[in-house]
Each structure stands twice: as structure tokens, then as C-alpha cells.
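>>> just need the structure, nothing else, for what follows:
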Amino acid sequence: MLTKILVTLLVIIGALFYLRRGRKPPSKTQQVIASEARHPLFNKVVIYGVIAFSMLATAALWGWNWYDDNRIVTVQISSPIEAMSTQYQVRKKDIQLRKITTVDGVEIRLSNQERVTISAHSDK
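Just a heads-up that it's a prediction; the model follows:
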């Protein structure tokens, strides 16, 4: 803990010395490099393009997740004790560890012995 405090203090003191000293005037090599640099408009276009692409990709990912979560699947619950099987239509987002909620709003709690099979919904 003491080491972290000492390192933090050293960084703060170093930053204060750097800020008080100020910047040196650019050397001739730096001036030549700056004069030959690309036009700043090109840099802005690239930066805004990357930002727009990342926002579009994020929106597409959110849209796909929403679409996938709201897809209706068929859930078949098989009970080995009663030797019966029932099917329900469920949205993917409503499938949880020990309970499912059907499209009609009915909550079904699952036991440890029941076998759950999830398949794509088909309109027959």
C-alpha cells in the first residue's frame, strides 16, 4: 500500500515539473514532418468514418440480439415419472434455468427430472 502511495506521489510530482517547464519550440525536423503531414480534413473523415462504423455495428448487434431473443421456439418437456410429453411455444428470452414463460403468459416451473428439448418453431 505504501509503495502505491509513493509511486502515485512520484507521478504527480513528475507531471507538475513537466507542466511547469512547458513545451520546447519544435525542432526543424519536427517542423518539416508537420508541414508534410496529410491534410487535417482527411484525418477527420477517417475518424468520423470509424465512429460511424462502430455505431452502426453496435446498432446492428443490438438489433440482432433483440430479434433473436424475441424468436418463438418450441419447447418440449418430457417427464420420465409420468411418461408424458408436452409442447409449448416460448420466446427465447423467456427460457430461464428452472422456469419458462409461454407466449400466452403461463409460467411453467421445471423439476430436476424433467427433460427439456428446444427446437425451432414451425407453423404447421
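
>>> show me what contacts Ile108?
Neighbour list for Ile108: Ile77, Tyr88, Lys99, Ile100, Thr101, Thr102 [criterion: CB atoms under 8 Å, 6 or more residues apart in numbering]. Backbone N, C-alpha and C define where each C-beta goes, glycine included.

>>> could you report the pLDDT at the fourth one?
The model reports Ile100 with a pLDDT of 94.

>>> hang on, the earlier thing: nearest to Thr117 among the contacts of Ile108?
Ile77 (8.0 Å; CB to CB).

>>> got a list of contacts for the helix or strand harbouring that closest one?
Assessed by DSSP states H and E, Ile77 sits inside strand 72-79. Strand 72-79 is contacted from outside by 84-92, 95, 100, 103, 108, 110, 113-122, using CB under 8 Å, 6+ apart.

>>> give me the buried subset of those.
Tyr88, Val90, Arg91, Ile95, Ile100, Leu110, Glu114 (16 or more other CB atoms under 10 Å).

>>> from those, which land in strands?
Judged by DSSP state E, strands contain the following of these: Tyr88, Val90, Arg91, Ile95, Ile100.

>>> which ones are touching the fourth one?
So that's Ile95. By CB under 8 Å, 6+ apart, the contact list for Ile95 reads Val73, Val75, Ile118.

>>> tell me what the longest helix along the chain is packed against?
Scanning the chain for the longest helix, with DSSP state H as the assignment, gives helix 40-69. For helix 40-69, the packing partners by 3 or more CB pairs under 8 Å, 6 or more residues apart in numbering; DSSP states H and E come out as strand 84-95.
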